[in-house]
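Participant: Can you look at this prediction? I've put the sequence above it.
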Amino acid sequence: MENVLVAGATGTTGKKVVQLLKASQYFEPIAMVRNENQKAQFEAQDIKTVLGDLENDISHTVENIDKVVFAAGSGGKKVKEVDQEGAKKMIRASEDSKVKRFVMLSSMGAENPKESNELYEYLKAKHNADEFLKSSNLKYVIVRPGSLTNEKGTGKIKLAESLNEFGEISRDDVAQTLVRSLHDDASNKTVFEILEGETLIGKALEIA
């Protein structure tokens with residue numbers, strides 16, 4: 001079993017990632033939480049936690065960690081501090097700890113933030129974090145979904161380096177894509193966009 005740190009474990013998508021990891025025969029989730037009060041929801045399910053705030057030093061959170069899923073976000077409140085600089089901190093710490101794979105939840109539009117007026121600052125932060133990861137020594141996968149919904153997942157997606165279209169995708173299917181991307185046989189040093197589609201997630205990732 002490989003230890004997988006989930007940054008953003010208390011978020012809507014992060015919680016789904018943690019549950020998928022818990023059900024997996026390959027991975028053990030370590031939920032990163034900001035304060036003591038957030039521990040109970042995970043510990044009640046025998047899920048390990050580690051305290052860490054992306055605005056502070058988080059180097060300790062990656063001790064004995066094999067892989068990382070970065071699904072953290074500020075919800076638009078502190079995009080530079082959390083979505084950008086917090087991600088960079090986690091990438092640096094992961095490099096120092098020789099983490100074997102880093103899976104980043106990014107966003108469609110992060111490639112060209114200037115194309116969006118209302119989301120410019122958010123997408124710019126995501127873009128900068130993605131570029132920092134690309135320039136690291138880590139094995140990585142950057143997943144850029146369209147608009148997230150709370151619909152039930154279908155287990156099927158549309159995937160390409162650039163889809164040239166906008167659309168939606170369920171958080172269920174995003175979480176499953178993130179977890180599938182942790183496997184050693186998944187593609188390395190790749191960036192792709194995903195939307196709801198007709199191709200099974202495992203099959204879609206084979207061509208990523």
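Facilitator: That came in fine, so what should we check first?

Participant: gap between residue 103 and residue 46?
Facilitator: Distance of residue 103 to residue 46, given as Cβ to Cβ, to the nearest Å: 23 Å. Any C-beta I mention is one placed from the backbone N, CA and C, and that applies to glycine too.

Participant: Of the two, which one has the most company?
Facilitator: Neighbours per residue, other Cβ atoms under 10 Å: of residue 103 and residue 46, the larger number sits with residue 103, 25 against 7.

Participant: so that one makes contact with residue 141?
Facilitator: Yes. With contact defined as Cβ atoms under 8 Å, residue 103 reaches residue 141; the gap is 5.0 Å.

Participant: Pull out the buried residues from the top helix by length along the chain.
Facilitator: Ranked by number of residues, the top helix in the chain under DSSP state H is helix 120-134. In terms of neighbour count (16 or more other Cβ atoms under 10 Å), helix 120-134 has its buried residues at 122-130, 132-133.

Participant: Could you single out the nearest of the residues you listed to residue 188?
Facilitator: residue 133 (12.2 Å; Cβ to Cβ).

Participant: Please list all residues in contact with the closest one.
Facilitator: 87, 91, 102, 104, 140, 142 (Cβ atoms under 8 Å, 6 or more residues apart in numbering).

Participant: With residue 105 instead?
Facilitator: 8, 13, 69-71, 73, 143, 145, 174, 178.

Participant: among the residues you listed, who's most crowded?
Facilitator: So for the contacts of residue 105 (other Cβ under 10 Å), the most neighbours sit at residue 69, 32 neighbours.

Participant: Do I have it right that it meets residue 4?
Facilitator: Yes. With contacts counted by Cβ under 8 Å, residue 69 reaches residue 4, the gap being 6.2 Å.

Participant: shared neighbours of these two, anything?
Facilitator: residue 182.

Participant: Report back the residue of the chain that's furthest from centre.
Facilitator: residue 117 (24.1 Å; Cα atoms, centre = their mean).

Participant: separation between it and residue 169?
Facilitator: In terms of Cβ to Cβ, residue 117 sits 23 Å off from residue 169.

Participant: What score does residue 78 have for pLDDT?
Facilitator: Residue 78 is assigned 89 on the pLDDT scale.

Participant: related to what we said a few turns ago, give me the packing partners of the helix or strand just after the longest helix of the chain, helices and strands only.
Facilitator: Per DSSP states H and E, the first helix or strand lying C-terminal to helix 120-134 is strand 140-145. Applying 3 or more Cβ pairs under 8 Å, 6 or more residues apart in numbering; DSSP states H and E, one finds that strand 140-145 makes contact with strand 101-105, helix 120-134, helix 171-180, strand 190-196.
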